[in-house]
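Enquirer: next comes the sequence, and after it the predicted model I'd like to discuss.
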Amino acid sequence: AKADGRNRFRYFDSSLDATARRRNLIEQELALAVSLGTLELYFQPLIDAQSHQVVCAEALLRWNHTRLGPISPGEFIPIAEETGLITSIGAWVLREACRVSSSWPDNIRVAVNLSSRQFLSPGLVPMVENAMKTNAMRPGRLELEVTESLLMNSTPAVEQTLKTLSKLGIRIALDDFGTGFSSLSYLRRFRFDKLKIDQSFISDMDTNEDGRAIVECVIRLAKDLRMSVAAEGVETQNQLTALRQLGCGEIQGYLVARPMSATAFATFLNAGDDG
Ligand code: C2E
Ligand code: CA
Ligand code: CA
Ligand code: CA
């Protein structure tokens, strides 16, 4: 039994090692990627559910490492948060998103994800103002997506920053709505411009009645509180049809388009012009 235990321990130990080694590797390589400027920003369109016109695009980080291949933001963003690298990455994302979007038609907004750590750094507001000024951007064209985790440990500073950004005319969206612990209470504390229904609720719509009921309820809530509402992760025609019927404002998902490079997105916009 002792040997068994030791073996199991050893096995556990070495798998921990592998996780820790991968993490360290990512951390080092990410710092390098930031200094070399090899991260990329992709864009995924959000369309108006009724007119099918593109109204917005969400900026999403992409990292294709020469040796390790593509590394998903789901893996490297948490590491960037822990190490503080998110501050310089986030600053670049903001500048790049504003720069790229300045060549789009003026009625198309750009949405940028903000991590909690980024939000708590004192330089955020001047950084946002600077990115907009550099690109002569109308504030209403910038949408900042925050998640419930930001508000979970919310301090007066967080709410103050949200209000300051809002006063500048920037739109604030609550991302992954419904996945946190007290989603509803946040709506009382700050007036968001937009709710993004998490994709887990959207995929539920096809499979059960309850899924549809929840989505219907969130859409009605958003309307009553005069917020716009977007559905993320829309993959099927059924979901789109149901969301239109329920009065969902904006649609994002593979059914419309996958995230794409800035160049591909410009082509996508032009193609939409003719048809
Ligand atoms: P998110 O903000 O919820 O972004 C939506 C994610 O859903 C993206 O994953 C997108 O590619 C994916 N998606 C879009 N449509 C569909 C669909 O129809 N089906 C499925 N299965 N997925 C769909 P991605 O690009 O891997 O990003 C993952 C997360 O990483 C994001 O989740 C966001 O939290 C974070 N992230 C990405 N870029 C940034 C960034 O620039 N800054 C920060 N702070 N976080 C970022
Ligand atoms: Ca998002
Ligand atoms: Ca989201
Ligand atoms: Ca999500």
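Expert: Structure's in. What do you need? Ligands and ions are numbered 1, 2, ... in the order given.

Enquirer: pairing partners for the longest strand anywhere in the chain, with directions?
Expert: In terms of residue count, the longest strand belonging to the chain (DSSP state E) is strand 54-65. Looking at strand 54-65 with DSSP bridges, its partner strands are strand 40-48 (antiparallel), strand 69-71 (antiparallel), strand 109-113 (parallel).

Enquirer: where does the stretch 151-275 of the chain dip in pLDDT?
Expert: 274-275 (pLDDT under 70).

Enquirer: for it, which residues are neighbours of ligand 1?
Expert: Contacts of the stretch 151-275 of the chain with ligand 1, taken as CB under 6 Å from any ligand atom, map to D175, D176, Q199, E232, G233, V234, E235, Q252, G253, Y254, P259. All C-beta atoms are positioned from the backbone trio N, CA, C, and that covers glycine.

Enquirer: thinking again about what came up before, now tabulate the strands paired with strand 54-65 in a markdown table and tack on mean pLDDT and mean neighbour count.
Expert: Converted to a markdown table, those look like this (pLDDT from 0 to 100; neighbours: other CB atoms under 10 Å):
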| stretch | mean pLDDT | mean neighbour count |
| --- | --- | --- |
| strand 40-48 | 98 | 20 |
| strand 69-71 | 98 | 12 |
| strand 109-113 | 98 | 22 |
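
Enquirer: select, out of those strands, the one closest to ligand 3.
Expert: If you check each of those against ligand 3 by CB to the ion, strand 109-113 wins as the nearest, at 7.8 Å.

Enquirer: tell me how far the closest one is from the chain's mean position?
Expert: Taking CA atoms, centre = their mean, to the nearest Å, the mean C-alpha location of strand 109-113 is offset from the chain mean by 8 Å.

Enquirer: and that strand, is it in reach of ligand 3?
Expert: No: using CB under 5 Å from the ion, strand 109-113 never reaches ligand 3; the gap is at least 7.8 Å.

Enquirer: what's the burial count for L36?
Expert: If you count neighbours by other CB atoms under 10 Å, L36 ends up with 8.

Enquirer: look up how far G233 lies from it.
Expert: Taking CB to CB, to the nearest Å as the measure, L36 falls 32 Å from G233.

Enquirer: so S183 touches L151, yeah?
Expert: No: the pair S183 / L151 is not scored as a contact, 9.3 Å apart, by CB atoms under 8 Å.

Enquirer: so the two - more neighbours on which side?
Expert: The neighbour comparison of S183 against L151 (other CB under 10 Å) goes to L151, with 23 against 18.

Enquirer: so where do the helices sit in the protein?
Expert: With DSSP state H as the criterion, the chain has helices at 2-36, 73-83, 86-101, 116-120, 124-134, 148-152, 156-167, 183-189, 199-207, 209-224, 237-246, 262-274.

Enquirer: which stretch among those comes nearest N64?
Expert: N64 sits nearest to helix 2-36 of all the helices of the chain, at 9.7 Å, using CB to CB.

Enquirer: for F268, give me its contacts.
Expert: P45, V54, A257, M260 (CB atoms under 8 Å, 6 or more residues apart in numbering).

Enquirer: any chance of the strands paired with strand 54-65 in CSV with distance to N208 as columns?
Expert: Listed next are the strands paired with strand 54-65 as CSV, based on distance: least, CB to CB, whole Å:
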stretch, distance to N208
strand 40-48, 25
strand 69-71, 33
strand 109-113, 29
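
Enquirer: got the ones you listed as CSV, with distance to ligand 1 columns?
Expert: Formatted as CSV, those follow (distance: least, CB to the nearest ligand atom, whole Å):
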stretch, distance to ligand 1
strand 40-48, 6
strand 69-71, 10
strand 109-113, 4
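
Enquirer: so for N135, which of those strands sits nearest?
Expert: Per CB to CB, nearest to N135 of these: strand 109-113, 10.1 Å.

Enquirer: just the residues contacting that closest one, thanks.
Expert: 43, 46, 55-60, 93-94, 97-98, 100-101, 104, 140-145, 171, 173, 175.

Enquirer: next, the angle from it to helix 124-134.
Expert: Per axes from the mean of the first three to the mean of the last three CA atoms, to 10 degrees, the angle that strand 109-113 makes with helix 124-134 is 150 degrees.

Enquirer: out of the residues of the stretch 151-275 of the chain next to ligand 1, which touch ligand 2?
Expert: Taking CB under 5 Å from the ion as the test, ligand 2 is in contact with D175 out of these.
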